[in-house]
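Visitor: the following comprises the amino acid sequence and a computationally predicted model.
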Protein chains: 2
Amino acid sequence: MKEDVRLARIALHWLIEPGNEAVHRMVNANGPVRALERLVEGDVPDEQLRGAAAARMVAGDPRKVAEAALDRAERLGARIVIPEDDEWPQPVRDLTRLLGRPAKDRIDRDVAPPLCLWVRGVPRLDEALTRSVAVVGARASTHYGEHVATTLAFELAEREWTVVSGGAHGIDAAAHRGALNAGGLTVAVLACGVDKPYPSGNTGLFDRIADGGLLISEWPPGTVPVRHRFLIRNRVIAAATRGTVVVEASARSGASQTLRRAIALDRRPMVVPGPVTSAMSVGCHGLIRDYPEVRLVAGVDHVLEEVGRIGELAPRPRGPERPHDGLDIESAMVLESVPRRGSAGPDELAAKAGLDIRTAMRKLTLLESMGFVARRAGGYTLAPKPARARAGSGAEPAPAAVGGTRSGPPMDHEAGAAP
Amino acid sequence: MKEDVRLARIALHWLIEPGNEAVHRMVNANGPVRALERLVEGDVPDEQLRGAAAARMVAGDPRKVAEAALDRAERLGARIVIPEDDEWPQPVRDLTRLLGRPAKDRIDRDVAPPLCLWVRGVPRLDEALTRSVAVVGARASTHYGEHVATTLAFELAEREWTVVSGGAHGIDAAAHRGALNAGGLTVAVLACGVDKPYPSGNTGLFDRIADGGLLISEWPPGTVPVRHRFLIRNRVIAAATRGTVVVEASARSGASQTLRRAIALDRRPMVVPGPVTSAMSVGCHGLIRDYPEVRLVAGVDHVLEEVGRIGELAPRPRGPERPHDGLDIESAMVLESVPRRGSAGPDELAAKAGLDIRTAMRKLTLLESMGFVARRAGGYTLAPKPARARAGSGAEPAPAAVGGTRSGPPMDHEAGAAP
């Protein structure tokens, strides 16, 4: 019985390209077996659907094709997974949310959940995808993009996140490699048969993925990739993961479509920025500008803030702490009034700093206790070198730097005093 | 009479550091002349304010210091501009919006509008700032940041926008240079006297700016820059311009403070992203992540979208148009079903494309009229090379590329058919 269902689901994906909404409704209403029968018998109201099935059946009987596909898959160690199986990834069911939305072309109509998935690799599909993030991007990537994708995937894998991508050249391949280099789990969602992953140039990579991770596809073994299948495939990458990170994307790019799917599915949409001088970042910056939901992410910590649990939240980035930064502004004003050579009395220092004498005195006591200044001959001097060095401020010119502009007469040192 | 007011305003900025809220209220209530008298006489409720004035007066009589400053300015060809003058830049009045806000330290309290501005250069201050954008950023900038700042400033100046910055090393200097190279107007807002602009390393640049543009400062000639003055100064850069663009900023940076002031003043806050691998972009990415008002800008067109008028709005960036992109998905599916060698009949093509025969026929007629396919021997073949090349798609593998993976027997070409 369940094997009839399995066979019917396989046949349906061959008879009508995956994602078809009408087929999805028929399967929901009649079950896969009856839905297949109706399509084979031409008992379908939708004329185009009926015609498409009829045209495809010229090439063979759907059930026989399905059986042959199963045999072939078995020979190459692949398996078929259907919603009735325990290892079916439940999140892809969310794709039903995309049905019935205004669609400008066929790609936006063919968004129904897959009826079955071909799988090559050992791990359980559902478990592999539980803690997963998609890292996708341009095929014509730059060294920068590949470096970022590899590093991000490596660090995600180190934290036991599965890295999902499309197996393409460029960013996709870099993401898969990064996860593999960390000894982590990675999943390639293909738009062709798992027996002959595209592109053939990545064959070595696909073998490494199949060793420890998974190659998956909605299309039976032997299927060749054609353009629209990559776009249909993208909805599965978006739905199966908790969030999608786009690393590099040109102005028109499949990665952008995957991110829009993630937004529509309430997954976390993330984009890595890049140099504005790079054509490969134009699409990324456009996504950040156009979609308020999109989060700019600059590293694994930012990604974990989006997809991780509280425990995994990352600290905010901060610049290096400097002793000087600890000072309140008025103390800094007093410190910067102390002459570089010799000493000055509290009154003079208060005048230079533009503070009242009481405040100036309080701050001088503080600065002395912190080792910035020393009392000498009824006045105050800057503390000896070591402490002085610590007093430098990178954010704005340090006293020494300011001093560098002091070439005029002494009076020049005083705020606003004219000779 | 007006000259008394001018002198009083100059004296007030020397007696109490610019931006002081209490002084601002006194000037509003009593006028500059009376406000100065009261401070000199110590007739001030605020004890700290009274003390600060008293301490500063140890260095001299405010009115005499003001007169000396005026003489000195005249000698070096600088002038003083006050709100009572026609060329006063009205937008700085908006700084009153920042008064009375919760302030964590003195820098956030000293946000009152300047009482006067020292100016070196020929153009009228108000006119120079009417169409102006601030371009600010890190002093420890990278080649990337300097390249972006110079280019952006150049293109803004070409479109007759004034580029305002702080005259510092790095991004500020690059922005001023870019505007100068375009023969445009640029304004440096200094935290020291206009007679001796800081840093001295930029002296040549400051002279070029003073030739055609403007050097301005709230502090009288002879004033040396100290840390807090840069932060006080930043409010003027934010208030005097229509928007602020941060090009590079480390995690703690004065440029970020200028941008926050711009946000508080309802000016347009803009940030240029950079490589996530660069420490000089950490602050930029943090601002984009932390402030929803901030717009990511990748070039002059994006900046004009924010500060320009409708006429100046820029077109959205698009990838290159390709003949293939013009095709609807179903036409593309048919085109990609046509064998690379030989011909195939409509039935076979419909089967491969997964379309009903009628749709397939319609699309074949379209493809023939567009020169993608040719009719031959009762079937269809791909059009000769030239047209074939035009049919390639960069976004996803073109038919030729897909063909590259076809190494199996003919049956493999058909979607899902198993041998």
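Guide: Nice, I can see it. Residues are numbered from 1 along each chain as shown, chains lettered A, B, ... in the order given.
Visitor: and the helix or strand containing A:I80, how far from the chain's centre?
Guide: Following DSSP states H and E, one finds A:I80 within strand A:78-81. Relative to its chain's centre, strand A:78-81 lies at 28 Å (Cα atoms, centre = their mean, to the nearest Å).
Visitor: ok, stretch A:292-307 next?
Guide: The chain centre lies 7 Å from the centre of stretch A:292-307; the measure is Cα atoms, centre = their mean.
Visitor: do you know how far A:C284 is from A:L95?
Guide: For A:C284, the distance to A:L95 (Cβ to Cβ, to the nearest Å) stands at 25 Å. Quick note: C-beta positions are derived from backbone N, CA and C, even for glycine.
Visitor: same deal with A:G243?
Guide: 16 Å.
Visitor: so A:D356 makes contact with B:Q48?
Guide: Yes. If you go by Cβ atoms under 8 Å, A:D356 and B:Q48 touch, sitting 5.1 Å apart.
Visitor: of the two, which one has the most company?
Guide: When A:D356 and B:Q48 are compared for neighbours, A:D356 comes out ahead with 21 against 14, by other Cβ atoms under 10 Å in any protein chain shown.
Visitor: per-residue confidence at that one?
Guide: Confidence at A:D356, expressed as pLDDT, is 87.
Visitor: how about A:V194?
Guide: 96.
Visitor: assumed it was part of a helix.
Guide: No. The assignment for A:V194 by DSSP: H, G, I helix; E, B strand; the rest coil gives coil, which leaves it out of any helix.
Visitor: what sits against it?
Guide: A:73, A:76, A:78, A:118-120, A:215-217, A:221 (Cβ atoms under 8 Å, 6 or more residues apart in numbering or on different chains).
Visitor: let's see 10 Å
Guide: Neighbouring residues of A:V194 by Cβ atoms under 10 Å, 6 or more residues apart in numbering or on different chains: A:73, A:76-79, A:117-121, A:188, A:206, A:210, A:214-217, A:219-221, A:223.
Visitor: please apply the same query to A:A262.
Guide: Counting by Cβ under 10 Å, 6+ apart, A:A262 touches A:134, A:136, A:234-235, A:237-239, A:241-246, A:268-270, A:293-294.
Visitor: quickly find the element holding the residue nearest to A:R63 when sequence neighbours are not counted.
Guide: Setting aside the residues directly before and after it, A:R63 is nearest to A:A11 in space (Cβ to Cβ, 6 or more residues apart in numbering or on different chains), at 5.7 Å. A:A11 belongs to helix A:2-15 when elements are defined using DSSP H and E.
Visitor: other SSEs contacting that helix?
Guide: Packing contacts for helix A:2-15, counted by 3 or more Cβ pairs under 10 Å, 6 or more residues apart in numbering or on different chains; DSSP states H and E, involve helix A:21-41, helix A:47-57, helix A:62-75, strand A:78-81, strand A:117-120.
Visitor: buried ones in it?
Guide: Within helix A:2-15, the residues that count as buried by 16 or more other Cβ atoms under 10 Å in any protein chain shown are A:5-15.
Visitor: which one of those residues sits closest to B:V58?
Guide: Nearest to B:V58 among the buried residues of helix A:2-15 is A:H13, at 89.3 Å by Cβ to Cβ.
Visitor: residues contacting the residue positioned nearest the centre of chain A?
Guide: The centroid of chain A falls nearest to A:V245 when counting by Cα atoms, centre = their mean (2.0 Å). A:V245 sits next to A:133-137, A:148-149, A:152-153, A:156, A:163, A:165, A:171, A:175, A:255, A:259, A:262, A:268-272, A:295, A:297, A:300, A:302-303, A:306-307 when contact means Cβ under 10 Å, 6+ apart.
Visitor: same deal with A:V81?
Guide: A:6, A:9, A:87-89, A:114, A:116-119, A:124-126, A:216 are the contacts of A:V81 under Cβ under 10 Å, 6+ apart.
Visitor: same check, this time on A:D172
Guide: For A:D172, the contact set (Cβ under 10 Å, 6+ apart) comprises A:134-139, A:141, A:149, A:164-166, A:188-189, A:202, A:205, A:237, A:247, A:254-255.
Visitor: did I read that right, it in a helix?
Guide: Yes. Inclusion of A:D172 in a helix is indicated when three-state DSSP is applied.
Visitor: got a pLDDT number for it?
Guide: What the model reports as pLDDT for A:D172 is 98.
Visitor: where does pLDDT dip in the stretch 151-300 of chain A?
Guide: Scanning the stretch 151-300 of chain A for pLDDT under 70 picks out nothing.
Visitor: which residues in it form strands?
Guide: A:162-165, A:186-190, A:214-217, A:243-246, A:268-271, A:295-296 (DSSP state E, counting those that start in this stretch).
Visitor: what's the most buried one of those strands?
Guide: Scoring the strands of the stretch 151-300 of chain A by mean neighbour count under mean count of other Cβ atoms under 10 Å in any protein chain shown gives strand A:162-165 as the most buried, with a mean of 30.
Visitor: by contact count, what packs against that strand?
Guide: So strand A:162-165, by 3+ Cβ pairs under 10 Å, 6+ apart, packs with helix A:125-130, strand A:132-136, helix A:143-158, helix A:171-181, strand A:186-190, strand A:214-217, helix A:227-240, strand A:243-246.
Visitor: B:R362: which of the ones you listed is closest?
Guide: helix A:227-240 (17.0 Å).
Visitor: show me what contacts A:R25?
Guide: A:35, A:46, A:99, A:112.
Visitor: find the nearest non-adjacent residue to the last one, please.
Guide: Spatial nearest neighbour of A:A112, chain neighbours left out: A:H24 (3.6 Å); criterion: Cβ to Cβ, 6+ apart.
Visitor: what does the second one give?
Guide: With sequence-adjacent residues excluded and distances taken as Cβ to Cβ, 6+ apart, A:D46 is closest to A:A22, at 5.2 Å.
Visitor: ok, the one you found - contacts?
Guide: A:16, A:35, A:39, A:44-46, A:48-49, A:109, A:112.
Visitor: now the buried residues of helix A:2-15 as TSV including distance to A:A54?
Guide: Listed next are the buried residues of helix A:2-15 as TSV, based on distance: Cβ to Cβ, whole Å:
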residue	distance to A:A54
A:V5	23
A:R6	24
A:L7	20
A:A8	18
A:R9	20
A:I10	19
A:A11	14
A:L12	15
A:H13	17
A:W14	14
A:L15	10
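Visitor: who does A:V189 bridge with?
Guide: A:I216 (DSSP bridges).
Visitor: quick check: the gap between the residue of the stretch 251-400 of chain A found nearest chain B and B:V44.
Guide: Nearest residue of the stretch 251-400 of chain A to chain B: A:D356, at 2.1 Å (Cβ to the nearest Cβ). Note on A:D356: its distance to B:V44, by Cβ to Cβ, is 11 Å.
Visitor: again, but for A:V33
Guide: 92 Å.
Visitor: more neighbours: those two, which one.
Guide: Using other Cβ under 10 Å, the more surrounded residue of A:V33 and B:V44 is B:V44, with 20 against 17.
Visitor: is the more buried one in contact with B:L36, as I believe?
Guide: No. Taking contacts as Cβ atoms under 10 Å, B:V44 lies outside contact range of B:L36: 11.2 Å.
Visitor: any shared contact partners between these two?
Guide: Shared contacts of B:V44 and B:L36 (Cβ under 10 Å, 6+ apart): B:23, B:26, B:53.
Visitor: of those, list those near chain A.
Guide: Intersecting the shared contacts of B:V44 and B:L36 with the contacts of chain A gives B:A53 (criterion: Cβ under 10 Å from any Cβ of the partner chain).
Visitor: between the shared contacts of B:V44 and B:L36, which is nearest chain A?
Guide: Closest to chain A, out of all of the shared contacts of B:V44 and B:L36 and judged by Cβ to the nearest Cβ, is B:A53, at 8.2 Å.
Visitor: what sits closest to the closest one if chain neighbours are left out?
Guide: B:A53 sits nearest to B:L39 (Cβ to Cβ, 6+ apart), 4.6 Å away.
Visitor: please look at the one you found and B:P45 and confirm they touch.
Guide: No. Using Cβ under 10 Å, B:L39 is not in contact with B:P45; the gap is 11.7 Å.
Visitor: higher neighbour count, those two?
Guide: More crowded of B:L39 and B:P45, by other Cβ under 10 Å: B:L39, with 26 against 7.
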